[in-house]
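S.K.: give me a model of this one.
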Amino acid sequence: MKALRDVFGDTLVSLGSTDPNVVVLDADLANSTKADKFAKMYPGRFLQMGIAEQNFVGVAVGLASLGFVPWLSSFTVFFTHRAIDPIRMLVAQTHANVKIGAAYAGLMTGLTGKTHQDVEDLAIMRAMPDMTVLAPADAIEGEAIIRWATEYEGPVYLRLARDAGPNLSEQQYRFVPGKTISLKEGGDVLLISTGPQSVRCLQAAELLQKEGISAGVLHVPSIKPVNKEEIVNAAEKAKVVVTVEEHTIYGGLGGLVAEILSETSPRKVIRFGIEDRWGESAPNDYLLEAFKMSSQRLSERIQKLVA
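M.R.: Prediction:
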């Protein structure tokens, strides 16, 4: 297992060895986001911008206009709240080739508490025109997405969890924008998830199997763009559709799935996620239990639904 923040740093170091145009800008958090790995290898291509997130977005746009491929490194909450205006005006509206490495996304942010836990980011970023929004589940997928984003011409928002988790992807995994991934087939209920929460959904499906409930799991690493037909086809195979995300139930993956199905294949969609409340400072296991997002709690909730 490897934390996505380490994948971020290591992959940028690797890309930096073959592409001299890759640069990294950090907002005084490089030791947490692991952008410091790039700084040690390529100090001339690393810009420590301090606690000035709005400014470093503007600098990145300038670098992109000169042919560089700038990766921005900071905590998710500082991108989607403190720096959202320049991201909207300077990056998205101009289709600037800027990549946003949004670290410490979701609930499990190392005891930082509600001030630093951003559970609204998917809703904010997927509503922004011309913004690609991606959320890898594991280290293998994370590396593939970072490499793809670096080659892609245009703005990318990459949601990165803090801690390590099991790998779902095979070593030969290749990221395709928009594509969904079926992790398990099942006819009673379909769990649709994104990011590392997909791992817990797969574990919950295995627990449900022991209870005689056939649960499918669909992983959605590409929030925007997304293949609508794949979501519809997967949903039509199950009696109940449940979205599960480490994000508010408003406007994120649950909203996306509900929008798609209501237009194409109307059915009830039940959304599991953060229910209109702030996070709190606590260990990961406690937070997963408190917000009913652990595999055991998901299994229990779904058993009640199916019954």
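
S.K.: just checking, what packs against the helix or strand hosting Gly254?
M.R.: In this assignment (DSSP states H and E), Gly254 forms part of helix 253-264. On a contact count with 3 or more Cβ pairs under 8 Å, 6 or more residues apart in numbering; DSSP states H and E, helix 253-264 meets helix 121-126, strand 189-193, helix 228-235, strand 240-248, strand 269-274. All C-beta spots, glycine's among them, are computed from the backbone N, C-alpha and C.

S.K.: quick one: the helices in this structure, in order.
M.R.: In the chain, the segments counted as helices under DSSP state H are 4-18, 30-33, 36-41, 53-65, 76-77, 84-86, 121-126, 139-151, 197-210, 228-235, 253-264, 284-290, 295-306.

S.K.: CA atoms only: put the third one into CSV for me.
M.R.: Spelled out, it's helix 36-41. Output of helix 36-41 as CSV, limited to C-alpha atoms (Å, rounded to 0.1, in the frame of the first residue of the first chain):
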residue,chain,number,x,y,z
ASP,A,36,9.0,18.2,-1.3
LYS,A,37,10.3,15.1,-3.1
PHE,A,38,10.2,17.1,-6.4
ALA,A,39,11.8,20.1,-4.7
LYS,A,40,14.8,18.0,-3.6
MET,A,41,15.3,16.5,-7.1
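
S.K.: other SSEs contacting that helix?
M.R.: By 3+ Cβ pairs under 8 Å, 6+ apart, helix 36-41 packs against helix 4-18, strand 22-26, strand 46-48.

S.K.: and among those, the most buried is which?
M.R.: Highest mean neighbour count among the helices and strands packed on helix 36-41 (mean count of other Cβ atoms under 10 Å): strand 22-26, with a mean of 24.

S.K.: what angle do that one and helix 139-151 make?
M.R.: Angle, strand 22-26 to helix 139-151, by axes from the mean of the first three to the mean of the last three Cα atoms, to 10 degrees: 110 degrees.

S.K.: list the helices and strands strand 22-26 packs on?
M.R.: Secondary-structure packing of strand 22-26 (3+ Cβ pairs under 8 Å, 6+ apart): helix 4-18, helix 36-41, strand 46-48, helix 53-65, strand 69-75.

S.K.: mind doing that once more with 7 Å?
M.R.: helix 4-18, strand 46-48, helix 53-65, strand 69-75 (3 or more Cβ pairs under 7 Å, 6 or more residues apart in numbering; DSSP states H and E).

S.K.: tabulate the CA atom coordinates of the longest one in PDB.
M.R.: As requested, the backbone C-alpha atoms of helix 4-18 are provided in PDB (Å, rounded to 0.1, in the frame of the first residue of the first chain):
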ATOM      1  CA  LEU A   4      -1.700   8.900  -2.700                       C
ATOM      2  CA  ARG A   5       0.300  11.900  -1.500                       C
ATOM      3  CA  ASP A   6       3.500   9.800  -1.900                       C
ATOM      4  CA  VAL A   7       2.300   8.700  -5.300                       C
ATOM      5  CA  PHE A   8       1.900  12.400  -6.100                       C
ATOM      6  CA  GLY A   9       5.400  13.300  -5.100                       C
ATOM      7  CA  ASP A  10       7.100  10.200  -6.600                       C
ATOM      8  CA  THR A  11       5.200  10.400  -9.900                       C
ATOM      9  CA  LEU A  12       6.100  14.100 -10.400                       C
ATOM     10  CA  VAL A  13       9.800  13.200  -9.700                       C
ATOM     11  CA  SER A  14       9.600  10.600 -12.400                       C
ATOM     12  CA  LEU A  15       7.900  12.900 -14.900                       C
ATOM     13  CA  GLY A  16      10.400  15.600 -14.100                       C
ATOM     14  CA  SER A  17      13.200  13.300 -15.300                       C
ATOM     15  CA  THR A  18      11.800  13.100 -18.800                       C
END
